[in-house]
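Q: With the input below, show me the fold.
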Amino acid sequence: MSPLALLEAYSRAHPQEVLLVEARVGGLEEVVLIFKGVSSSLTGATAMDADVPLLPEEAVIVAVDRLRSPYTPRAPVYLERGITWQDFQERCLGVS
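A: So this is what the prediction gives:
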């Protein structure tokens, strides 16, 4: 399962949360918001086709923030910040 697919599966299983994901693709930083299994880019364009992955396989997940839903950009409520990708993956074991 790709990192993005794992994050989307987690968000479907936890609809009360929004994930804010910081990733590196090549030399560029990407920020992706994931809610109920749907990903949207906050730093670039999001493809209209949901089958087009927002992050390529070679993307490196730097950190994941968990926020309370609904997401309000002006007043986000963080549940947890700066979770490493390794720690987040361990939490996702068993999520399908």
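
Q: Number of residues surrounding the closest residue in space to Thr84 that isn't next to it in sequence?
A: Nearest non-adjacent residue to Thr84, counting by CB to CB, 6 or more residues apart in numbering: Ala63, 6.6 Å away. Backbone N, C-alpha and C define where each C-beta goes, glycine included. Residues lying near Ala63 (other CB atoms under 10 Å) number 15.

Q: what's the answer for Arg66, then?
A: 19.

Q: again with the one 4 residues further on
A: Using other CB under 10 Å, Pro70 is surrounded by 9 other residues.

Q: Just the element for Gln86, please.
A: Here Gln86 is covered by helix 85-92, with elements defined by DSSP states H and E.

Q: got the phi/psi numbers for Leu4?
A: Main-chain dihedrals, Leu4, degrees, to the nearest 10: phi -60, psi -40.

Q: And it, how close does it get to Val25?
A: In this view, Leu4 and Val25 are 11 Å apart by CB to CB, to the nearest Å.

Q: who touches Gln89 in this structure?
A: Leu6 (CB atoms under 8 Å, 6 or more residues apart in numbering).

Q: Let me know the pLDDT of it.
A: Reported pLDDT at Gln89 in the predicted model: 92.

Q: repeat for the one 5 residues further on
A: Gly94 is assigned a predicted lDDT (pLDDT) of 52.

Q: Could you check how far the spatially most central residue of the chain is from Leu67?
A: Centroid-nearest residue in the chain, with CA atoms, centre = their mean: Val21, separated by 4.1 Å. Distance of Val21 to Leu67, computed by CB to CB: 11 Å.

Q: next one: phi and psi at Ile83?
A: Note on Ile83: backbone dihedrals following degrees, to the nearest 10 are phi -70, psi 130.

Q: Now it. Nearest residue, chain neighbours left out?
A: Val64 (4.5 Å).

Q: cool, and Leu7?
A: Nearest to Leu7 is Ile34, by CB to CB, 6+ apart, at 5.4 Å.
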